[in-house]
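Student: with the sequence up front, the predicted model follows.
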Amino acid sequence: KALTCAELRKLWIEFFESKKHLQLPSASLLPAGDPTLLFTSAGMVPFKAYFEGAETPPSPRIATIQKCLRTTDLEVVGKTARHCTFFEMLGNFSFGDYFKEEAIEWAWEFSVDWLKLDPKKIHITVYEDDDEAIQIWNKKAGVPLERITRLGKDTNWWGPAGDSGPCGPCSELYLDRGAHICKGPTGCGDPDTCKPGSDCDRYLEYWNLVFNQFNQDTRGQLHPLPRTGIDTGAGLERIVALLGNTDTVYETDELVRIRTKVQELVKESTGKMPEINDTTLAAFRVLTDHARSSTFALSDGILPDNTGRGYVVRRIIRRALLFAHHLGVNEPILHRLHPEVVSIYGSFYPELVAEQKKVHDILLSEEQRFLTTLETGVRKWDEYLAEAKAAKAKVFPGKQAFTLYDTFGFPLEMTIELAERNGMTVDLKEFERLMEEQREKARTGANWKDFKLPADFPISDETRTEFVGYDTLSDEGAVIGMIIGDH
Ligand code: ATP
Ligand code: MG
Ligand code: MG
Ligand code: MG
């Protein structure tokens, strides 16, 4: 039976209250006191200290609906049916209280009895050595063995979030959306070899149950936790999409409102309704997602900047404007999508309302600033691309990537992404060398009495540290100057 997002939020809390959980409100997207973590990327992040035993939770059982931001997924937004950068994670947690058996049984009960998902379409993956979990799924929940798959560490082992913390094996729940998905635009192509965990939207993962048994230290060493714990995370948008049988999460009742607004504004700006095809649809979804994630990030006080967390937000905003540009829109658009986001989510997330005026102003000025150079930047890019293609180059020159960055405000990752779409990599070594040269100039320049760095100077020199991954910041800096590649 189809549910709205609001109905699912209620159902989640109701179910876990019936299992004696305390409901807590969502924490900020800015992880409190954890400089090693870029953003709150999962429901367990605010509870790391409870799992580690460093702090005592207000209840041994907690349920939440947590705002999450995953920039690791930025580039697949619009390409898969299931990824957003911002999403809401439904979570239930046990701190030294219940363990595997209850976690599994309740996930099954909620899926089958409350959500009414067809049990014959639910597939389970377990960590390859976790015989205990297989036993419980099979004997207690009644899932036949042929629908239980053992998978390795890269999918069925969680954590830690940040440079250290709780971790352990996990079991995941997938719903089979049917073999036709394999042949669709976000499918793997081959229904015969497709299985849960494949890079395909057919078996859609909707819930991850983590059995926290270890604490991993900063050297990667595992230590048994004094008390085991449960950490689960289910995607709100994914479950609503599965129940409503929509093409992607972007057609669920709340996101589709933003998407409709996107289409309206594109029409208003260009004077005609854009043709609907795979490319424009992907662009609508990107704009939908980025409008939502920038609104939530800014409302939590994560402001555009040249380094660290703020850089990621700036990058989301600029990427959105690039996609808007491809749709023929060359004026600020995110600040006009923002009120729609506030009207959808403001009653559940009051910070959106409290910060509305401030966020509007920041969005607008950030958009205006980038748009002054975007059009010329895109022309430059086209020119550079034509040259590279004519030379049959496999590598896009670092010098040109640097010009796009330095003069036109293209985030490096945006250039990397554009290059990848054209079958090229970017000469990062050369880019890095020019960057260093720039920093050197800035250092000496800063000593000149009559020389002041412009406010939008692209780099602050003391803050660059090594790239460690989108969700992680290196120890020393708590900021990153650049983010290169994926992890
Ligand atoms: P996937 O393999 O599809 O990328 P994941 O294994 O990375 O998902 P988890 O880290 O296990 O996801 O997160 C728990 C749950 O949160 C997922 O089962 C899913 O329902 C939801 N989720 C994860 N990433 C996203 C995303 N980018 N957008 C929307 N929902 C997500
Ligand atoms: Mg993922
Ligand atoms: Mg997964
Ligand atoms: Mg998972």
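Tutor: Nice, I can see it. Numbering: from 1, shown residues only. Ligands and ions are numbered 1, 2, ... in the order given.

Student: and stretch 328-340, what's buried?
Tutor: By neighbour count, and taking 16 or more other CB atoms under 10 Å as the criterion, the buried residues in stretch 328-340 are 329, 332-338, 340. To be clear about C-beta, it is placed using only N, CA and C from the backbone, and glycine gets the same treatment.

Student: do stretch 171-178 as well
Tutor: Of the residues in stretch 171-178, those scored as buried under the neighbour-count criterion (16+ other CB under 10 Å) are 171-177.

Student: among those, which pair sits farthest apart?
Tutor: Spatially, the most separated pair among those is Ser171 and Arg177, at 19.8 Å (CB to CB).

Student: so how many other residues sit close to Glu251?
Tutor: Glu251: 17 surrounding residues under other CB atoms under 10 Å.

Student: now do whichever helix or strand Ala133 is part of, average pLDDT.
Tutor: When elements are defined using DSSP states H and E, Ala133 is found to belong to helix 131-135. For helix 131-135, mean pLDDT is 97.

Student: which other helices and strands contact the helix or strand just after it?
Tutor: Heading C-terminal from helix 131-135, the first helix or strand you meet, by DSSP H and E, is strand 148-151. When contacts are defined as 3 or more CB pairs under 8 Å, 6 or more residues apart in numbering; DSSP states H and E, strand 148-151 sits against strand 122-127.

Student: which ones are touching the residue in the stretch 101-250 of the chain that ligand 1 sits nearest to?
Tutor: Using CB to the nearest ligand atom, Gly235 is the residue of the stretch 101-250 of the chain that sits closest to ligand 1, at 2.5 Å. Gly235 makes contact with 82, 87-90, 206-207, 249, according to CB atoms under 8 Å, 6 or more residues apart in numbering.

Student: and what of Val395?
Tutor: Taking CB under 8 Å, 6+ apart as the criterion, Val395 is in contact with 424-427.

Student: ok, Asp201 next?
Tutor: If a contact means CB under 8 Å, 6+ apart, then Asp201 has 80-82, 177, 181, 184, 186-187, 248 as its contacts.

Student: what about it, helix or strand, and which?
Tutor: Counting by DSSP H and E, Asp201 is found in no helix or strand.

Student: apart from its neighbours in sequence, what residue is nearest the residue most central in space within the chain?
Tutor: In the chain, the C-alpha closest to the average C-alpha coordinate belongs to Arg70, at a distance of 2.4 Å (CA atoms, centre = their mean). Counting by CB to CB, 6 or more residues apart in numbering, the nearest residue to Arg70 once its immediate chain neighbours are dropped is Ser41, at 5.0 Å.

Student: equivalent analysis for Leu222, please.
Tutor: Looking at Leu222 with CB to CB, 6+ apart, the closest residue is Phe214, at 4.3 Å.

Student: so that neighbour touches Gly168, yeah?
Tutor: Yes: judged on CB atoms under 8 Å, Phe214 makes contact with Gly168 at a distance of 5.7 Å.

Student: and the residue nearest to the centre of the chain, how close does it get to Glu102?
Tutor: Spatial separation of Arg70 from Glu102 under the definition CB to CB, to the nearest Å is 28 Å.

Student: ok, Pro339 next?
Tutor: Pro339 is 43 Å from Glu102, by CB to CB.

Student: again with Val126
Tutor: With distances taken as CB to CB, Val126 is found 16 Å from Glu102.

Student: the more surrounded of these two?
Tutor: When Val126 and Glu102 are compared for neighbours, Val126 comes out ahead with 24 against 17, by other CB under 10 Å.

Student: and that one, what does it touch?
Tutor: Val126 touches 133-134, 137, 148-151, 156, 169, 171, counting by CB under 8 Å, 6+ apart.

Student: how does it look with 7 Å?
Tutor: Residues counted as contacts of Val126 (CB atoms under 7 Å, 6 or more residues apart in numbering) are 133-134, 137, 148, 150, 156, 171.

Student: is the residue of the stretch 101-250 of the chain closest to ligand 1 bridged to anything, and to what?
Tutor: Met89 (DSSP bridges).

Student: inside strands: which ones of the buried residues of stretch 328-340?
Tutor: Using DSSP state E, no member of those sits in strands.

Student: remind me which residues of the stretch 301-450 of the chain are low pLDDT?
Tutor: Screening the stretch 301-450 of the chain residue by residue with the criterion pLDDT under 70, one finds the ranges 444-450.

Student: pretty sure Tyr98 sits against Gly229.
Tutor: No: Tyr98 is not in contact with Gly229 according to CB atoms under 7 Å; the separation is 9.3 Å.

Student: tell me how many other residues crowd the closest residue to Asp176 other than its chain neighbours.
Tutor: In space, not counting the residues next to it along the chain, Asp176 is nearest to Lys121; the distance is 4.5 Å by CB to CB, 6+ apart. When counting by other CB under 10 Å, one arrives at 14 neighbours for Lys121.

Student: end to end, how far does stretch 35-50 reach?
Tutor: Stretch 35-50 has an end-to-end distance of 18 Å (criterion: CA to CA, to the nearest Å).

Student: no, scratch that, I was asking about stretch 10-25
Tutor: Start to finish, the residues bounding stretch 10-25 are 13 Å apart (CA to CA).

Student: go through stretch 209-220 and flag the buried ones.
Tutor: 209-216.
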